[in-house]
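S.K.: Task: produce atomic coordinates for the following.
(chains A and B)
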Amino acid sequence: MHLSFPPDSGPWVCRPCGQALQPCKVDLAYLGNSFQVELFACPACGRALVPESLALGRMREVEKLLEDK
Amino acid sequence: MNPLPLHATPPLREALGACLRPGGTRLTRHALALAGVGPAARVLDAGCGAGGSLALLAELGHGRRLGLDLDSSLLAEARTAGAGPLVRGDLARLPLATGCLDAVLCECVLSLAGHVGPLAEFHRVLRPGGRLLLADLHRRGPAPAGDGPASCLAGALSLAQVRAAVAAAGLALLALEEHDHHLKQLAGLLILRHGSLPAFWRAALGAAGAAGETAACRAGAGRPGYYLLIAEKTGHG
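M.R.: You can find the predicted model right below:
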């Protein structure tokens, strides 16, 4: 299942590298579980941008599930 | 018109692919190893669905495999995928001779099909010493009330009930493992895709079905677990 989470707004540039972020496969890992998603990341350093809406929404829901809350 | 069973709904098919259950082929590989079922074994995949486990059996060199399912559209998928010999049939009336199998694999099916009839049939078709590899949901609370849409959540037993049903069928328990993490992995995937589990239920079952499943979960069927059980047919029966 393809899960893609682009930035809430854009475009974004990695400040240390000066590179425009690009779609990239990223593993979100927590408490022994791992989910492959597509996020925008720096092609040079690999740092990925987690959109605020994703972090405070779906990722928070998954965290609660994995924590049995 | 009858609603689609949960496993056949597009949102769940999208998440699961050919393996219509938590754990995918990873758990099936583990089950085969744990049960000591080698490639020479005559294996029935009881409730083979779209053939995900049959494809794994083929990959592992199991030449004497057979898939059985009641759902002709899923069997057609399995056939298209080249899953191997397939037969349409009811788990409670297997079209197979007594004692003809070395192993029966049954993954996330009995909670939908019922336990008593299929387990009696698995016992009948296994040879003495043959192994049952059973994986399914189990519940920790009371059974949900009402006639919701067909789903394995609604038909899941507690682990104590599963043990009792297997013993009542004449099968000796060899191993029982909890694999809840596979269920959490699937639930997490569904949340990432749909935003929340209630949103997934709405997408899969519509508003009425979602309300039933959510209520059942809150009433105690919630936080279901997932188990793997290995049992053996003993004696000469």
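S.K.: Can you give me every residue that contacts B:G89?
M.R.: B:68-70, B:95 (CB atoms under 8 Å, 6 or more residues apart in numbering or on different chains). Every C-beta, even on glycine, is put in place using the N, C-alpha and C of the backbone.
S.K.: the strands in chain B, which residues?
M.R.: Per DSSP state E, chain B has strands spanning B:43-46, B:65-69, B:86-88, B:101-107, B:126-138, B:171-178, B:225-233. These are given in chain order.
S.K.: Any idea how far the fourth one is from the middle of the chain?
M.R.: In other words, strand B:101-107. Relative to its chain's centre, strand B:101-107 lies at 11 Å (CA atoms, centre = their mean, to the nearest Å).
S.K.: Check what contacts that strand and list those residues.
M.R.: Residues outside strand B:101-107 that contact it (CB under 8 Å, 6+ apart) are B:21, B:23, B:27-28, B:31-32, B:35, B:37, B:41-47, B:53, B:91, B:118, B:122, B:125-127, B:130-136.
S.K.: Chain A versus the spatially closest residue to B:A204 that is not a sequence neighbour, what's the distance?
M.R.: Leaving aside its sequence neighbours, B:A204 sits nearest to B:T9 (CB to CB, 6 or more residues apart in numbering or on different chains; 4.1 Å). Look at B:T9 and chain A: by CB to the nearest CB, to the nearest Å, they are 14 Å apart.
S.K.: need the contact list for B:T9.
M.R.: Going by CB under 8 Å, 6+ apart, B:T9 touches B:203-205.
S.K.: could you measure it against B:F200, distance?
M.R.: The gap separating B:T9 from B:F200 is 10 Å, by CB to CB, to the nearest Å.
S.K.: What count of nearby residues applies to the nearest residue in space to B:A41 that is not next to it in sequence?
M.R.: By the measure of CB to CB, 6+ apart, the closest residue to B:A41 outside its immediate chain neighbours is B:D102, 3.9 Å from it. Neighbours of B:D102 under the rule other CB atoms under 10 Å in any protein chain shown: 18.
S.K.: Next: B:L60.
M.R.: 15.
S.K.: correct me, but it touches B:L32?
M.R.: Yes - taking contacts as CB atoms under 8 Å, B:L60 lies within contact range of B:L32: 7.1 Å.
S.K.: of the contacts of strand B:101-107, buried ones?
M.R.: Among the contacts of strand B:101-107, those classed as buried by neighbour count (16 or more other CB atoms under 10 Å in any protein chain shown) are B:21, B:23, B:27-28, B:31-32, B:35, B:37, B:41-47, B:53, B:91, B:118, B:122, B:125-126, B:130-136.
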